[in-house]
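K.L.:
sequence below, structure please.
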Amino acid sequence: MTGMKQRHTDPSDDLGSILAMFDLGDAFHKGDGVEKDHAKATEFYMKAAMQGHVPSRYNLGCYEAKKGNFHRAVRHLLISAKMGEERSLAAIKKMFMTGLTNKEQYAETLKGYQCAAEEMKSHDRDEVKALPGGEL
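P.N.:
Numbering: from 1, shown residues only. Just a heads-up that it's a prediction; the model follows:
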């Protein structure tokens with residue numbers, strides 16, 4: 001039929017959500033309700049990461065490190081550290097301590113993480129946290 005829109009077969013397109021893509025990546029990673037499929041997990045994590053989802057970017061870095069693609073792992077982890085992902089900083093530090101990355105990459109990651117942490121600070125947030133039960 002002409003003029004009718006074709007329905008997408010990709011569930012994340014229908015859901016239109018970065019979190020949905022991340023959740024699908026997790027489902028394929030863990031085999032939660034679907035057969036484990038690391039290629040599909042990577043695909044969904046990449047879609048979410050390309051839209052700014054920091055934990056997805058971190059997961060991609062971990063995948064690449066497990067595969068021995070340390071250059072790619074560092075790139076993903078550096079990006080997520082610069083967006084405030086503390087686990088990425090820890091992963092890069094561990095890679096540096098074991099000789100899998102160099103001092104410059106570790107320093108760049110540390111600086112990027114510190115900048116992100118500084119940007120997330122706010123006087124109002126600190127005041128709320130100082131109050132009894134002041135969790136955000």
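
K.L.:
where does the prediction get shaky in this structure?
P.N.:
1-16, 122-129, 133-136 (pLDDT under 70).

K.L.:
starting at the chain centroid, how far to the one helix or strand residue 113 maps to?
P.N.:
Taking DSSP states H and E as the criterion, residue 113 maps to helix 103-120. Relative to its chain's centre, helix 103-120 lies at 16 Å (C-alpha atoms, centre = their mean, to the nearest Å).

K.L.:
so which elements touch it?
P.N.:
Judged by 3 or more C-beta pairs under 8 Å, 6 or more residues apart in numbering; DSSP states H and E, the packing partners of helix 103-120 are helix 70-82, helix 86-97. Where you see a C-beta, it was placed from the backbone N, CA and C, and this is true even at glycine.

K.L.:
which one of these lies closest to residue 17?
P.N.:
Among the helices and strands packed on helix 103-120, the nearest to residue 17 by C-beta to C-beta is helix 70-82 (19.4 Å).

K.L.:
got the buried residues for that closest one?
P.N.:
70, 73-82 (16 or more other C-beta atoms under 10 Å).

K.L.:
quick check: buried residues in the helix holding residue 113?
P.N.:
Within helix 103-120, judged by 16+ other C-beta under 10 Å, the buried ones are 105-106, 108-109, 112-113, 116.

K.L.:
make a markdown table from the helices and strands packed on helix 103-120 and add distance to residue 43 to it.
P.N.:
Shown next, in a markdown table, are the helices and strands packed on helix 103-120 (distance: least, C-beta to C-beta, whole Å):
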| stretch | distance to residue 43 |
| --- | --- |
| helix 70-82 | 14 |
| helix 86-97 | 21 |
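
K.L.:
out of those, which is closest to residue 48?
P.N.:
Distance to residue 48, taken as C-beta to C-beta, is lowest for helix 70-82 among the helices and strands packed on helix 103-120, at 11.7 Å.

K.L.:
measure how that closest one sits relative to helix 86-97, angle-wise.
P.N.:
140 degrees (axes from the mean of the first three to the mean of the last three C-alpha atoms, to 10 degrees).
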